[in-house]
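1. Pasting the sequence and the predicted coordinates here, then a few questions.
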Amino acid sequence: ETGVTQSPTHLIKTRGQQVTLRCSSQSGHNTVSWYQQALGQGPQFIFQYYREEENGRGNFPPRFSGLQFPNYSSELNVNALELDDSALYLCASSLLGGSYGYTFGSGTRLTVV
Amino acid sequence: ELKVEQNPLFLSMQEGKNYTIYCNYSTTSDRLYWYRQDPGKSLESLFVLLSNGAVKQEGRLMASLDTKARLSTLHITAAVHDLSATYFCAVIPNAGGTSYGKLTFGQGTILTVHP
């Protein structure tokens, strides 16, 4: 059984650029959610995908968007990067409802300069 | 809006001592999760608590859930240095539908265990 894998592990981008982060969900999981964790804070929910559709969204602007593919992997896209977007981005996979918990990937550290 | 509050936010313990971390939340929920995070690392799942009165134990850690009081506790028994980390509780409200997957995290408790 494989866990949740994310790529890349680290990324440096310039303000105004666009970025795509990738996540492969744990085997058997059909739901992927994305979180942003700023330094010294708890993770903040961005959105969740189930059956390739967005199934819940947190307080993030539309420039944060995502995709889920038929194999349940997912992408997070952020347009027009701002300095405040610098954070650890975490992907979590689960079965819908979370009764068996959420498995987090190792994260992508994004730095916007 | 769901609020999740942990206390204490910082906890310095001596090895061998016991202590409890508290997690209060503001709306009806019977799904609560505890995670551990080491510096610069991802979140490691510790416990999944899905009903009132749920109690789970793993090694020196024990977690419980009181949905009526909207309170979960993480009890540490005979702390050892390896338990030093940040501990988060996270809650999903009972709204169903699009609330699935929307974990709302507490601020985290930074635990340091020293000799």
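-> Great, that's in hand. The model shown is predicted, which means the values in this text are computed figures rather than measured ones. Residues are numbered from 1 along each chain as shown, chains lettered A, B, ... in the order given.

2. ranges for the strands of the chain?
-> As the question left the chain open, I've gone with chain A. A:5-7, A:10-13, A:19-24, A:31-37, A:44-50, A:53-57, A:64-68, A:74-78, A:87-94, A:103-104, A:108-112 (DSSP state E).

3. Switch to chain B, please.
-> B:4-7, B:10-14, B:19-25, B:31-37, B:43-49, B:55-58, B:61-66, B:71-76, B:85-92, B:104-105, B:109-114.

4. near chain A, which residues of chain B show up?
-> For chain B, the residues in contact with chain A (C-beta under 8 Å from any C-beta of the partner chain) are B:31, B:33, B:35, B:41-45, B:48, B:50, B:88, B:90, B:92, B:97-108. For the C-beta atoms, the positions are set from N, CA and C on the backbone; glycine is no exception.

5. which of the residues you listed count as buried?
-> B:31, B:33, B:35, B:42-43, B:48, B:50, B:88, B:90, B:92, B:99-108 (16 or more other C-beta atoms under 10 Å in any protein chain shown).

6. Which positions in chain A make contact with chain B?
-> A:31, A:33, A:35, A:41-45, A:48, A:50, A:55-58, A:90, A:92, A:94, A:96-107.

7. ok, back up a step: turn the strands of chain B into JSON lines, including mean pLDDT.
-> Putting the strands of chain B into JSON lines (pLDDT from 0 to 100) gives the following:
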{"stretch": "strand B:4-7", "mean pLDDT": "97"}
{"stretch": "strand B:10-14", "mean pLDDT": "95"}
{"stretch": "strand B:19-25", "mean pLDDT": "97"}
{"stretch": "strand B:31-37", "mean pLDDT": "95"}
{"stretch": "strand B:43-49", "mean pLDDT": "94"}
{"stretch": "strand B:55-58", "mean pLDDT": "96"}
{"stretch": "strand B:61-66", "mean pLDDT": "97"}
{"stretch": "strand B:71-76", "mean pLDDT": "97"}
{"stretch": "strand B:85-92", "mean pLDDT": "96"}
{"stretch": "strand B:104-105", "mean pLDDT": "94"}
{"stretch": "strand B:109-114", "mean pLDDT": "96"}
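
8. does residue 34 have beta-bridge partners, and which?
-> Using chain A. Beta-bridge pairing for A:Trp34 (DSSP bridges): A:Phe47, A:Cys91.

9. could you do chain B instead?
-> The partner residues for B:Trp34, given DSSP bridges, come to B:Phe47, B:Cys89.

10. Could I get the contacting residues of it?
-> B:23, B:45-47, B:49, B:63, B:72, B:74, B:87-90 (C-beta atoms under 8 Å, 6 or more residues apart in numbering or on different chains).
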